[in-house]
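>>> Mind looking at a prediction? Sequence and model below.
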Amino acid sequence: MSALPIIARRRRLLPRNPLVLVGGMLVVLQVLLAVGAPIFAPYDPLDQSILDRMQGPSAKHWLGTDRFGRDILSRIIYGYRASFGIAASAVAIALVIGGTLGIVSAVYRGWTDRVIMRLMDVLFAFPIILLAIGIIAILGPGAVTTAAAIGIVYIPIFARLLRAPTLVIAATEYVEGARAIGAGTGRIIVSHILPNLTSVILVQASLSLSTAILVEASLSFLGIGSQPPDPSLGRMLSEAREYLLLSPWDSVFSGLAILLASFGFNLLGDGLRDALDPRLRGSE
Amino acid sequence: MARYIAIRLSDLVFVLFGVSVVAFLMIRLIPGDAVEIMLGANAEVTDEQINLVRERLGLNQGMVAQYLGWLGDLLRGDLGTSLWTGVPVTEEIGARIWVTLELTFLAMGLSIVLAIPAGCAMAYFRSSLADYVIRIVTIAGVTVPNFWLGALLIYLFFILFPSFPSIGWVPFSEDPLGNLARLMLPTIALAVPVLASLSRIARSAMLDALGQDYIRTARAKGVPDGRVVFHHALRNALIPFVTAVGIYAGYLFGGAIVVEQVFALPGLGRLMIGAIAERNYPLVQASILLVTTAFVLVNFLIDMLYAALDPRISLK
């Protein structure tokens, strides 16, 4: 399987998959909002206006205001910025470390494989939230440590996921051929194995971003992740929960924002899997 | 088969050992130790007193000695005593674990019971508009933050049925109906993401199974449609489904930590968060070990079950 036909096939397939289209649009829209937060947010997310507090949606405040009269839409846009930043860094950490471990396991096999994968099993045995809480407690709270904690927790997911296809690729004739003409292990990994893993990586990265957004929100909901005054969707929700019966807008919209962010990436990952995995195509 | 079991058993021992090391180190690497936090509020504590307490609790030994001591006690069935209360940790955990167990079992049961028929239906209606709609709904289900769902449910029930006991806890033995009523909303909040994931897994497992040659053979020899789906396909589709159930058992516990917080349930999750904050080493270690061991054992048993059901696995 050379690289060219795969790319050609992707071009043909991607626009046809409605999940990729809708998910992709949601992701692009939300990422744009996050990146351009200072431009798009109608108000300063920290600006209080006691006279306007706990209002429902209006022309002035599209999503209403919270208990200090802060604009909910602006807070959500800044919350996206923090949430996406943390989730993306976490997935990057997990992909680089976990992916490397998984590929090395599959290429070297034997004891290397057994030891690496059992270590992954040890990490995997911990409930995600619990391990993340422990790591943040060690490193101290904050956005950077939250990203590191979620990244570490996700390492075994990428190691396991990339190991299996690498085992198959490493046993193919073209890898054997490359080895026969004298290519070193590093060269084989970079120019023969990695290109064939792109679709698996793309799909999993998208799905992991979706869950990392939820984990980050859960942690800040518990008061463990990023700390005030850093904006955070999870903390917005936990603070708003106390005023739920007085003013539900804050809770409703911040939760909906988390859902939409996670939903976009999940839809995209799911659609990409359909579009890129030739085995699934037959069964759909 | 014997060789397969032996390999898996040695892996299991290694993983459990690794888990015990991580659990032990994790709580000790957190800055600030238990004795400082215990005596910290009191300004007149002397170093001598701190040392005395450390000595009594065995905290002034080296890390390796402490770990080996703990491991030795563990192997004799002694999980240690809580640093703060002096009560055996098994008692503290025992007082809380039933809340979490009941919640996770109810959520898992609800998810399994609904996911199998939902998955079969989705596989049956594949590639139709209904399939796309259900898929989008299930993806939304997977990505709904369960603490948000919990908060919304509390709000909704407060508006619709003001007298419904949405939060808090009564033991099953005291008031069975009150117990189940209070667990209804947390169970739904915890189950929705798992239910959505499991239905998706059931769907693809069913699609896989329905595409096999033996299904064609069964149809060719005139087996009725219902029997093909439920007798031939479902039984084989259950293998990947049960694996997923094992993995989601761990997810459910993680979710329970958050859901307990929302519904003010006195479960293991809240106990552990409190114990981490107090640096209650024995309590944290024991509860982490308990949770992870349960997860590892459940998945080990599931693997063994397959090997027994499907000879292809152990022969590989």
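Done, it's in.

>>> Check the secondary structure at residue A:224 for me.
Look at residue A:224: counting by DSSP: H, G, I helix; E, B strand; the rest coil, its state is coil.

>>> how deep is it tucked in, by neighbour count?
Residues near residue A:224, counting by other CB atoms under 10 Å in any protein chain shown, number 22. Quick note: C-beta positions are derived from backbone N, CA and C, even for glycine.

>>> Would you agree it is in contact with residue A:139?
No - at 11.3 Å, residue A:224 does not count as touching residue A:139 under the criterion of CB atoms under 8 Å.

>>> Now for residue B:178: which residues touch it?
B:165, B:170 (CB atoms under 8 Å, 6 or more residues apart in numbering or on different chains).

>>> so where does it fall, helix or strand?
helix B:176-210 (DSSP states H and E).

>>> Can you list the buried residues in that helix?
Across helix B:176-210, burial judged by 16 or more other CB atoms under 10 Å in any protein chain shown covers B:179, B:182-183, B:185-210.

>>> next SSE after it?
Helix B:176-210 is succeeded, C-terminally, by helix B:213-220 (DSSP H and E).

>>> so how far is whatever helix or strand comes next after that next one off the chain centroid?
Downstream of helix B:213-220, the first helix or strand assigned by DSSP H and E is helix B:225-227. Remark: helix B:225-227 is offset 35 Å from the chain centroid, using CA atoms, centre = their mean, to the nearest Å.

>>> can you state the direction angle for the helix or strand just after helix B:225-227 and helix B:176-210?
Toward the C-terminal end, the helix or strand that comes next after helix B:225-227 (DSSP H and E) is helix B:234-263. In terms of direction (axes from the mean of the first three to the mean of the last three CA atoms, to 10 degrees), helix B:234-263 departs from helix B:176-210 by 140 degrees.

>>> Which strands and helices lie in contact with helix B:234-263?
helix A:128-139, helix A:194-221, helix B:89-124, helix B:146-160, helix B:176-210, helix B:268-277, helix B:281-309 (3 or more CB pairs under 8 Å, 6 or more residues apart in numbering or on different chains; DSSP states H and E).

>>> Just the C-alpha atoms of the first one, please, in CSV.
Okay, so that is helix A:128-139. Taking Å, rounded to 0.1, in the frame of the first residue of the first chain, the C-alpha atoms of helix A:128-139 are listed here in CSV:
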residue,chain,number,x,y,z
ILE,A,128,-8.4,7.9,34.9
ILE,A,129,-9.8,10.6,37.3
LEU,A,130,-8.1,9.1,40.4
LEU,A,131,-4.7,8.9,38.8
ALA,A,132,-5.0,12.4,37.5
ILE,A,133,-6.0,13.6,40.9
GLY,A,134,-2.9,11.9,42.4
ILE,A,135,-0.5,13.4,39.8
ILE,A,136,-1.9,16.9,40.2
ALA,A,137,-1.6,16.6,43.9
ILE,A,138,2.1,15.8,43.4
LEU,A,139,2.9,18.4,40.8
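
>>> how far off helix B:234-263 does it point, in degrees?
Going by the same axes, to 10 degrees, helix A:128-139 makes 50 degrees with helix B:234-263.

>>> what is the rounded mean pLDDT of the following helix or strand past helix A:128-139?
Under the assignment DSSP H and E, the closest C-terminal helix or strand after helix A:128-139 is helix A:143-170. Averaged over helix A:143-170, pLDDT sits at 92.

>>> So residue B:295 is in contact with residue A:125, correct?
Yes - contact criterion CB under 8 Å: residue B:295 and residue A:125 qualify, at 5.4 Å.

>>> Just give me the neighbour total for the residue nearest to residue B:35 when sequence neighbours are not counted.
Leaving aside its sequence neighbours, residue B:35 sits nearest to residue B:53 (CB to CB, 6 or more residues apart in numbering or on different chains; 5.0 Å). Neighbours of residue B:53 under the rule other CB under 10 Å: 18.

>>> cool, residue B:2 as well?
7.

>>> Against residue B:16, how distant is it?
For residue B:2, the distance to residue B:16 equals 21 Å [CB to CB, to the nearest Å].

>>> Need the per-residue pLDDT for residue B:127.
Per the predicted model, pLDDT is 70 at residue B:127.

>>> for residue A:2, same thing?
45.

>>> just residue B:286 next, same as before
The model's pLDDT for residue B:286 equals 90.

>>> what do you get for the one 4 residues further on?
Model confidence at residue B:290, given as pLDDT, is 89.

>>> Residue A:94 touches residue A:147, doesn't it?
No - if you go by CB under 8 Å, residue A:94 and residue A:147 don't touch, sitting 10.2 Å apart.

>>> So in chain A, which helix runs the longest?
Ranked by residue count, the top helix of chain A under DSSP state H comes out as helix A:72-108.

>>> what separates it from the chain centre, distance-wise?
For helix A:72-108, the distance to the chain centre is 5 Å (CA atoms, centre = their mean).

>>> ok, back up a step: same list (the helices and strands packed on helix B:234-263) but as TSV, adding distance to residue A:119.
Below are these laid out as TSV (distance: least, CB to CB, whole Å):
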stretch	distance to residue A:119
helix A:128-139	14
helix A:194-221	20
helix B:89-124	27
helix B:146-160	30
helix B:176-210	26
helix B:268-277	23
helix B:281-309	14
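
>>> Out of those helices, which gets nearest to residue B:70?
Nearest of those to residue B:70, taken as CB to CB: helix B:281-309 at 6.8 Å.

>>> Show me what that closest one is packed against.
Checked by 3+ CB pairs under 8 Å, 6+ apart, helix B:281-309 has helix A:128-139, helix B:2-29, helix B:63-75, helix B:89-124, helix B:234-263, helix B:268-277, helix B:311-315 packed alongside it.

>>> run the last query once more with 6 Å
Applying 3 or more CB pairs under 6 Å, 6 or more residues apart in numbering or on different chains; DSSP states H and E, one finds that helix B:281-309 contacts helix B:2-29, helix B:89-124, helix B:234-263, helix B:268-277, helix B:311-315.

>>> In a markdown table: the ones you listed, plus mean pLDDT.
Shown next, in a markdown table, are the helices and strands packed on helix B:281-309 (pLDDT from 0 to 100):
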| stretch | mean pLDDT |
| --- | --- |
| helix B:2-29 | 88 |
| helix B:89-124 | 89 |
| helix B:234-263 | 84 |
| helix B:268-277 | 87 |
| helix B:311-315 | 67 |
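
>>> Which of those sits closest to residue A:73?
Each of the helices and strands packed on helix B:281-309 has some distance to residue A:73 by CB to CB; the shortest is helix B:234-263, at 24.7 Å.

>>> residues of that closest one that come out buried?
B:234, B:236-241, B:243-246, B:248-263.
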